[in-house]
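Trainee: Curious how this folds, go ahead:
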Amino acid sequence: MKRNMKQWVQEVLDAPVKRAMPVLSFPAIQLMDITVRDLISSSDLQSKGMKMVADRVPAAAAAVSLMDLSVEAECFGSQIRFSDDEVPTVVGALVSSAEEVDALKVPAVGAGRTGIYIESIEKAMKLIEDRPVFAGVIGPFSLAGRLMDVTEAMIYCYEEPEMVSALMDKVTEFLIAYCSAYKQVGANGVVLAEPLAGLLSPALAEEFSAPYVKKIVEAVQSDDFLVVYHNCGNAAIQMIDSILDTGAAMFHFGNAISMKEMLEHIPADKIAMGNVDPARQLRNGTPASVREETLRIMGECCNHPNFVISTGCDVPPMSPWANIDAFFQAVDEFYKNK
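Mentor: Sure thing, here's the model as predicted:
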């Protein structure tokens, strides 16, 4: 359903009771009795899974598709390790020299599994009409890092900056086209996940991440299509100026930082979301610990009208639904007792 997303953001800011917006999609496999491998291979299963999750958590502010940060690298040619109960991961390096970067072709959108993922959003838009639908997309440095190997990418930023810049240009070109394809099929926006930028120094992030994110934002963001920037690194506060300069409409942060401290740096007209630990709490915690952590974060942060409670990253596939339910129950409890 097409929406004025600029108006939606304002409505969220103005609402005294904020609906939670966790990055919640992969646990659909439990509701559907299928594997992760099944889910990532079918647009029908993905769209139906998003609908089942939306029906299970009517209090969620938006529906977010799979945060599968392997699909774009696979499209370029990377090898992927698949699992039945964990998200896919990239194996090894695709490029390790300036010559290989120069020879690397920018793939067409639709190659690999990208066509499946775009199709799933198109189908989900017809199934979910009571809230915005966001597609999950990897950020530019995080994609480049997977193509170069994450550890090596950090070294290349110092030793081969021209090679890194050349690769950044190529991945950004692809990501603009990929995000544009989601926009074309009706998505209300994308959650652009840039976790590897959180491992860079603020200076390197300003050189190798933020300007490329900004290019994507400027190319695709509009009144009816938003970019939500995600960074789950522990240096996000130190690099907040370059993050804000990307121009993204909303910001999402991980549990490695103090959300309370981060909110001191976020303009009042920008929504900031986070940051219940999805692994420690949603996957490995208990309903009681999830409740306690959710209430703690909300107690520290909800005095900021631009704060929306969320998970710090995507919820792992096998996270018990009892924990996920406890998260939403805690949100309800907080506002009832406020």
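
Trainee: Do a quick rundown of the strands in the stretch 151-300 of the chain.
Mentor: Applying DSSP state E, counting those that start in this stretch to the stretch 151-300 of the chain gives strands spanning 189-193, 226-231, 250-253, 271-276.

Trainee: I'd like to know which of those strands lies nearest to Glu159.
Mentor: The minimum distance between Glu159 and these falls on strand 226-231, with 24.2 Å, by C-beta to C-beta. C-betas here are computed from N, CA, C, even on glycine.

Trainee: Kindly provide the distance from the residue nearest to Ala73 when sequence neighbours are not counted to Arg56.
Mentor: Leaving aside its chain neighbours, Ala73 sits nearest to Arg146 (4.3 Å; criterion: C-beta to C-beta, 6 or more residues apart in numbering). Arg146 is 31 Å from Arg56, where distance means C-beta to C-beta, to the nearest Å.

Trainee: thinking again about what came up before, give me the angle between the helix or strand encompassing the residue nearest to Ala73 and strand 189-193.
Mentor: Element membership of Arg146, judged by DSSP states H and E, is helix 140-148. If you take axes from the mean of the first three to the mean of the last three C-alpha atoms, to 10 degrees, helix 140-148 sits at 50 degrees to strand 189-193.

Trainee: Identify all contacting residues around helix 140-148.
Mentor: 69-70, 72-73, 76, 78, 90, 93-96, 104, 138, 153-154, 156, 164, 167-168, 171-172, 174-175, 193-197, 200, 205, 208-209, 212-213, 216 (C-beta atoms under 8 Å, 6 or more residues apart in numbering).

Trainee: now do stretch 275-286
Mentor: Residues outside stretch 275-286 that contact it (C-beta under 8 Å, 6+ apart): 22-23, 253-255, 257, 259, 289-290, 293-294, 297, 309-316, 318-320, 323-324, 327.

Trainee: That one: how far from the chain's middle?
Mentor: Relative to its parent chain, stretch 275-286 has a centroid offset of 17 Å by C-alpha atoms, centre = their mean, to the nearest Å.

Trainee: Could I get the average pLDDT for it?
Mentor: The average pLDDT within stretch 275-286 is 97.

Trainee: buried sites along it?
Mentor: Residues of stretch 275-286 classed as buried by neighbour count (16 or more other C-beta atoms under 10 Å): Asn275, Val276, Asp277, Pro278, Gln281, Leu282, Arg283, Gly285.

Trainee: same check, this time on stretch 202-222
Mentor: 202, 204-217, 219-221.

Trainee: and the residue nearest to Ala73, how many neighbours?
Mentor: Arg146: 27 surrounding residues under other C-beta atoms under 10 Å.

Trainee: From Val217, how far off is Asp130?
Mentor: Taking C-beta to C-beta, one finds Asp130 at 27 Å from Val217.

Trainee: can you tell me which residues contact the closest residue to Ala235 other than its chain neighbours?
Mentor: Excluding the flanking residues, the one nearest Ala235 by C-beta to C-beta, 6+ apart is Gly198, at 5.9 Å. Listed by C-beta under 8 Å, 6+ apart, the contact partners of Gly198 are Asn231, Cys232, Gly233, Asn234, Ala235, Ala236, Gly254, Ala256.

Trainee: Mind checking which of those residues land in helices?
Mentor: If you go by DSSP state H, those have nothing in helices.

Trainee: Adding pLDDT, distance to Ser242 and neighbour count, write the residues you listed out as CSV.
Mentor: Formatted as CSV, the contacts of Gly198 follow (pLDDT from 0 to 100; distance: C-beta to C-beta, whole Å; neighbours: other C-beta atoms under 10 Å):
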residue, pLDDT, distance to Ser242, neighbour count
Asn231, 96, 10, 30
Cys232, 92, 16, 24
Gly233, 90, 12, 20
Asn234, 90, 16, 13
Ala235, 91, 11, 17
Ala236, 94, 10, 25
Gly254, 96, 17, 22
Ala256, 95, 17, 19
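
Trainee: Let me know the closest of the residues you listed to Ala248.
Mentor: Nearest to Ala248 among these: Asn231, at 10.2 Å, using C-beta to C-beta.

Trainee: Need the three-state assignment for Gly110.
Mentor: Three-state call for Gly110 (DSSP: H, G, I helix; E, B strand; the rest coil): coil.

Trainee: That one - how many residues pack around it?
Mentor: Around Gly110 there are 16 other residues, counting by other C-beta under 10 Å.

Trainee: Isn't it up against Glu119?
Mentor: No. Applying C-beta atoms under 8 Å as the test, Gly110 and Glu119 come out as separate, 9.3 Å apart.

Trainee: now the angle from the helix or strand bottoming out on mean pLDDT in the chain to helix 140-148?
Mentor: The helix or strand of the chain with the poorest confidence is helix 150-159; it has a mean of 93 (mean pLDDT, DSSP states H and E). Angle, helix 150-159 to helix 140-148, by the same axes, to 10 degrees: 110 degrees.
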